[in-house]
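# 3D, please:
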Amino acid sequence: MSKPVFWTLDKHYLAIIEKLKERSSALVLTVNNFKGGVGKSTLIVMLSYIMVKFKIKILLIDSDPQRTLTKKLKKNFEVKKEAKYTFMEGIQRNTLAESITQLDDYLFIVEGDWELSTLDRFIRLNLKIDAEYFLFKYLIEDLKKDYDMIIFDAVPTTTNFTHNSIVASDLVIAPTQSEDESYDNTISYMSYLSSMKKFNPDIDILGIVPYLSDLDNTTNVKYLKKYYETFDNLTFQHIVKRSARVMTWATSGITETQGYDKQTLTMYFDVFKETLDRLDDTKLI
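Got it, this is the predicted structure:
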């Protein structure tokens, strides 16, 4: 089946995708911020949903014990091959190679696992203090050759889940909302990323995605302007507006032919294309 017209990319973007695929190892990305409910997992789902249409091979790592990303992905993709071991069992076995579930020819996931709540205890008992933030980096090293991108979904707090994701990553995308608390938390998150450079000197911010902004709301407009004033070109030009379709998709999965589908999908597709432009600007591809 051919792609709908709104999934069409011009030569510029197709060339960026080819450069991404030509890397010898996966580009590693964390999607995270210090506030829940800002659309973090939804953004990962939407970017993944779009990327597989262009045969970008992705490994998602759901490091949140609540499994939000895992549950959302399974509403949109049927499992092709179940993982043999859970995420935590993989950590205990010192490899994630058999903790990967296949959802599509180009989409794979290390599923979220309630047993991850024991990660802190595992680290205390098994790792030296100077190695506690490097566990995920070690675990994905042998996997990077098999994928174009590896994307971490990390919890919105300063925990070993977040520290390990950041240390393992090349880049970070920070979804946010256009309101007071999210703005303050994003400032704190930028400071946190700076502090993590002592463990990962090369970590960089790909951008801040203003998410679920209502452009008819005075407060949202005010804070959207503050993001551009404070963070300048770190803030994505394409934003994600509040959409009833997204709420429906969370229950029944993404559709492409229902009312408002095209409008909502195009909005995320624009964020995807800006993500490609920003990746190209990093010179990592």
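# gap between the two ends of stretch 143-163?
20 Å (CA to CA, to the nearest Å).
# how about it: buried residues?
Of all the residues in stretch 143-163, those buried under the rule 16 or more other CB atoms under 10 Å are 143-144, 147-156, 160-163. Placement of C-beta: from N, CA and C, glycine included.
# In strands, which of the residues you listed appear?
149-153 (DSSP state E).
# ok, the buried residues of stretch 143-163 vs residue 27, which is closest?
For those, the closest approach to residue 27 (CB to CB) belongs to residue 149, at 5.2 Å.
# Can you give me the neighbour number for residue 200?
18 (other CB atoms under 10 Å).
# Phi and psi next, for it.
phi -140, psi 90 (degrees, to the nearest 10).
# got the contact list for it?
By CB atoms under 8 Å, 6 or more residues apart in numbering, residue 200 lies in contact with 166-169.
# One more: residue 111?
62, 67, 70, 83, 86-87, 99, 101.
# rerun that using 10 Å as the cut-off
60-62, 67, 69-71, 73-74, 79, 82-83, 86-87, 99-101, 103 (CB atoms under 10 Å, 6 or more residues apart in numbering).
# Take these and keep only those in helices.
69-71, 73, 87 (DSSP state H).
# Could you list the buried residues of stretch 232-243?
Those would be 234-236, 238-243, for stretch 232-243 by 16+ other CB under 10 Å.
# Name whatever forms a beta bridge with the spatially most central residue of the chain.
Closest to where the C-alpha atoms of the chain average out (CA atoms, centre = their mean) is residue 31, at 3.7 Å. Using DSSP bridges, the bridge partners assigned to residue 31 are residue 153, residue 173.
# pLDDT wise, what is it at?
Listed pLDDT for residue 31 reads 96.
# repeat for residue 9
At residue 9, pLDDT is 96.
# What of residue 52?
At residue 52, the model reports a pLDDT of 96.
# Name the nearest residue to it, ignoring sequence neighbours.
residue 106 (4.3 Å; CB to CB, 6 or more residues apart in numbering).
# And for residue 83?
With sequence-adjacent residues excluded and distances taken as CB to CB, 6+ apart, residue 83 is closest to residue 101, at 4.5 Å.
# Which positions in stretch 54-64 come out as buried?
54, 56-64.
# same question, stretch 102-114
Within stretch 102-114, the residues that qualify as buried are 103-104, 106-113, counting by 16+ other CB under 10 Å.
# Quick one, which of these has the minimum pLDDT?
Lowest pLDDT among the buried residues of stretch 102-114: residue 113, 91.
# do you know how far that one is from residue 161?
11 Å (CB to CB, to the nearest Å).
# ditto for residue 72
Residue 72 is 18 Å from residue 161, where distance means CB to CB.
# same check, this time on residue 51
23 Å.
# most distant residue from the middle of the chain?
Here the centre of the chain is the reference, and by CA atoms, centre = their mean the most remote residue is residue 125, at 29.5 Å.
# which residues in the stretch 51-200 of the chain form strands?
Ranges of strands within the stretch 51-200 of the chain are 58-62, 101-104, 107-110, 149-153, 171-176, based on DSSP state E, counting those that start in this stretch.
# Within the sheet, what are the partner strands of the first one, with directions?
Strand 58-62 has the following strand partners under DSSP bridges: strand 107-110 (parallel), strand 149-153 (parallel).
# With distance to residue 194 as extra columns, can I get those strands in a markdown table?
Below are the strands paired with strand 58-62 laid out as a markdown table (distance: least, CB to CB, whole Å):
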| stretch | distance to residue 194 |
| --- | --- |
| strand 107-110 | 28 |
| strand 149-153 | 19 |
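# wait, which of those strands is closest to residue 118?
Going by CB to CB, the one of the strands paired with strand 58-62 nearest residue 118 is strand 107-110, 16.2 Å.
# Go ahead and produce CSV holding the CA coordinates of that closest one.
Written as CSV, here are the backbone C-alpha positions of strand 107-110 (Å, rounded to 0.1, in the frame of the first residue of the first chain):
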residue,chain,number,x,y,z
LEU,A,107,10.7,-1.3,15.2
PHE,A,108,11.9,-3.1,18.3
ILE,A,109,11.5,-2.4,22.0
VAL,A,110,13.0,-3.3,25.3
